[in-house]
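>>> have a look at this prediction, sequence included:
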Amino acid sequence: MKNYIDPATGFISGALATVIALVAALLPLVVFASEAVTADTLDLTTHTVGYLAFAIFAAAYILVTAEEFTHLRKSKPVIIAAGVALMEQARGMYTFFGHLRWTPVIALGYGASILVHMWINAAHFT
């Protein structure tokens, strides 16, 4: 199997890099998950939920700066804070079953990433 990694740079080279860049650039146009913004959306700049979200992120970044003492990876407090802030902001609109409608798209992306990984690194699997 051909090695698609350029030994000089360590990056993917040639046509494969172009295809990956085009797919990465065009894929978000296909999977837009947002809906139209209406006039009754919540203005979080002056709402208690906005202040709460800001406090949650401030606490998360304090944990990020204390990584050496807490032994947590930097991403964990930030991801948890993002989830909590999203649940607080979208209370009643965001439900677990509403999220399940995207399961096929997520599964397709997950499967595609595994196949691309196996294709690029096929020499390591033999």
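Looks like it came in fine.

>>> packing partners for whatever helix or strand I79 lives in?
I79 is located in helix 75-89, with elements delineated by DSSP states H and E. Packing partners of helix 75-89 (3 or more C-beta pairs under 8 Å, 6 or more residues apart in numbering; DSSP states H and E): helix 48-65. C-beta: built from backbone N, CA, C; applies to glycine.

>>> could I get the buried residue list for the helix it packs on?
By neighbour count on 16 or more other C-beta atoms under 10 Å, the buried set for helix 48-65 is 50, 53, 56-57, 60, 63-64.

>>> mind exporting the C-alpha coordinates of the helix holding I79 to PDB?
Extracted as PDB, the C-alpha positions of helix 75-89 are listed here (Å, rounded to 0.1, in the frame of the first residue of the first chain):
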ATOM      1  CA  SER A  75     -10.300  19.700  28.000                       C
ATOM      2  CA  LYS A  76     -12.300  18.000  30.700                       C
ATOM      3  CA  PRO A  77     -13.500  21.000  32.800                       C
ATOM      4  CA  VAL A  78     -14.200  23.000  29.600                       C
ATOM      5  CA  ILE A  79     -16.300  20.300  28.000                       C
ATOM      6  CA  ILE A  80     -18.300  19.800  31.200                       C
ATOM      7  CA  ALA A  81     -18.800  23.600  31.400                       C
ATOM      8  CA  ALA A  82     -20.000  23.700  27.800                       C
ATOM      9  CA  GLY A  83     -22.500  20.900  28.400                       C
ATOM     10  CA  VAL A  84     -23.800  22.500  31.600                       C
ATOM     11  CA  ALA A  85     -24.100  25.900  30.000                       C
ATOM     12  CA  LEU A  86     -25.900  24.500  26.900                       C
ATOM     13  CA  MET A  87     -28.400  22.600  29.100                       C
ATOM     14  CA  GLU A  88     -29.100  25.700  31.200                       C
ATOM     15  CA  GLN A  89     -29.500  27.900  28.100                       C
END
